[in-house]
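Fold the following.
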Amino acid sequence: MKLIGLLLLLGLASVVEGEVVVSFLSSCPDFFIKDQNDNPVTPTVLSPESRYKQICQKYKGKRSSLNQDWSLMRTNRSTLFQLFDTHSHTDTDKSNKSTGYRYATLYDNDNRIPVYSAYLYTDYALTNRTTPWMIEPQLDGHSQEEMTTEENVDGQLGTNQALNGDYLYRDKGYERGHLYPRCQNCDQDQVESTFTLTNAAPQTAQDSKRWYDQVEKKIAQRMSDKCSERTAFVVTGVVPGGKYLGRFSFLFMNDHGVVVASHFWSAFCCKDKYDQNTLISEGYILEMKGDGSAEAVNQTLNQLNHDLAIKYSSSNFQVFGSIQGCS
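As a prediction, the model looks like this:
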């Protein structure tokens, strides 16, 4: 059974090498909270699949070490079981480093903004930005296996995603607002990986400051105070609004461009720092009024799930599934 299981895993790893994947659960499950049976649970994945793309955000990655070890199995059958034993006990950090996956994003091709990004909180840190904003080549049919700059891709871009020009050549005062913020981790490569337009939505400078002051900073402090180390799973998303950044390229003359979010929201669920058998969760949502005048609303996960189902016109939306303590 071990042999069969590992062969299936190897077959999967050889297929799922890029960022745009068929399933979060089969490709990058480590960024999602687990239920009582130790099964990862993703937020609701909206449909249709042709519009909403699941991305395992990949940056400075390499092919999985399981693939690299495949040649060894041809000459030494016992190595197969050694590898199974080794990799079945690999922790989350090592697994993510071997694949290059940093976090997960559900992306809306039509509106050219993410629905949400999901990640494991590590710590709040002041970090440096050393990379330009990147894009995801596979959304527009290119073969590159991870995020990169527009200059590194040959051929047309922008049909299914936002481009830097959508933000740079405009007169409406919008900037690129992070979902997964760069300040909530301590690794420089991880920081750089947050600078992809698939992890950003249009946001005014005033709303960006309001979001940071009332949600990003507060939620990081709450997790540091309340959560056991490395147990806090976070999902941050946006709701599409009625405004958009128009495009000025002749390639997209009749294109609505990039939709501006009406709301940003975020939620976390973790193990209680003082009681490992108890889960703690909180949710926040902030309207993007443009002038930074809105007040963030602190909600239970049940309230947030209800509001998001309405805003996404979904019959049901759950950030952390039906896990008790996170719903």
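
Let's verify Tyr167: helix, strand, or coil?
Counting by DSSP: H, G, I helix; E, B strand; the rest coil, the backbone at Tyr167 sits in helix.

Could you report the neighbour count for it?
Other residues near Tyr167 come to 18 when the count uses other C-beta atoms under 10 Å. C-beta coordinates here come from the backbone N, C-alpha and C atoms, glycine included.

Which of the helices or strands spans the nearest residue to it once chain neighbours are set aside?
Once flanking residues are discounted, Tyr167 sits nearest to Arg176: 5.5 Å by C-beta to C-beta, 6 or more residues apart in numbering. Arg176 is part of strand 174-178, with elements assigned from DSSP states H and E.

starting at the chain centroid, how far to the helix or strand following that strand?
Remark: after strand 174-178, the chain's next helix or strand is helix 188-193, criterion DSSP H and E. Relative to its chain's centre, helix 188-193 lies at 13 Å (C-alpha atoms, centre = their mean, to the nearest Å).

One more: stretch 41-53?
Stretch 41-53 sits 13 Å away from the centroid of its parent chain (C-alpha atoms, centre = their mean).

pLDDT averaged over that stretch, what's the number?
The average of the pLDDT scores along stretch 41-53 is 97.

which parts of that stretch are buried?
By 16 or more other C-beta atoms under 10 Å, the buried positions in stretch 41-53 come out as 41-44, 46, 52-53.

Which residue is the nearest non-sequential neighbour of Ala205?
Nearest non-adjacent residue to Ala205 (C-beta to C-beta, 6+ apart): Glu175, at 6.1 Å.

list the helices and strands the lengthiest strand in the chain packs on?
In the chain, taking DSSP state E as the definition, the longest strand is strand 258-272. Applying 3 or more C-beta pairs under 8 Å, 6 or more residues apart in numbering; DSSP states H and E, we find strand 258-272 packed against strand 113-120, strand 174-178, strand 200-204, helix 217-226, strand 233-245, strand 275-287, helix 301-311.

Can you tell me how far Ala232 is from Lys217?
With distances taken as C-beta to C-beta, to the nearest Å, Ala232 is found 15 Å from Lys217.
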